[in-house]
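[1] here are the coordinates; sequence isn't available:
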């Protein structure tokens, strides 16, 4: 999980370059954390813990970018 400090540094960079129609802002941090979790654990998308929301949301965001 990202700390609040890490997110405060990362969010403006993501917001500056992301297509705004792809992921709702309120889910952006959760989606980024899900992508990072999968990368760190080498798991399949469907193995994402429920705390990251629907697995397909993170997967679609990752695949599209």
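    Perfect, thanks for sending it. Since the structure is predicted, the reported quantities are computational estimates derived from the model, not experimental observations. Residues are numbered from 1 along each chain as shown.
[2] Counting by contacts, list what the lengthiest helix in the chain packs against.
    Of all segments of type helix in the chain, defined using DSSP state H, the longest is helix 25-41. Helix 25-41 is packed against helix 4-17, helix 55-64, with contacts defined by 3 or more C-beta pairs under 8 Å, 6 or more residues apart in numbering; DSSP states H and E. C-beta: built from backbone N, CA, C; applies to glycine.
[3] Identify all contacting residues around the first one.
    By that I understand helix 4-17. Residues from elsewhere that reach helix 4-17, judged by C-beta atoms under 8 Å, 6 or more residues apart in numbering: 2, 25, 28, 29, 32.
[4] what about the nearest residue to the fourth one once chain neighbours are set aside, how many neighbours?
    It stands for residue 29. The spatially closest residue to residue 29, leaving aside those adjacent along the chain, is residue 7, at 5.7 Å (C-beta to C-beta, 6 or more residues apart in numbering). Residue 7: 15 surrounding residues under other C-beta atoms under 10 Å.
[5] Going forward, the N-terminal residue is numbered 22.
    All right, first residue 22 from here; so that's residue 28.
[6] Tell me how far residue 28 lies from residue 63.
    23 Å (C-beta to C-beta, to the nearest Å).
[7] related to what we said a few turns ago, what angle do the longest helix of the chain and helix 76-85 make?
    If you take axes from the mean of the first three to the mean of the last three C-alpha atoms, to 10 degrees, helix 46-62 sits at 80 degrees to helix 76-85.
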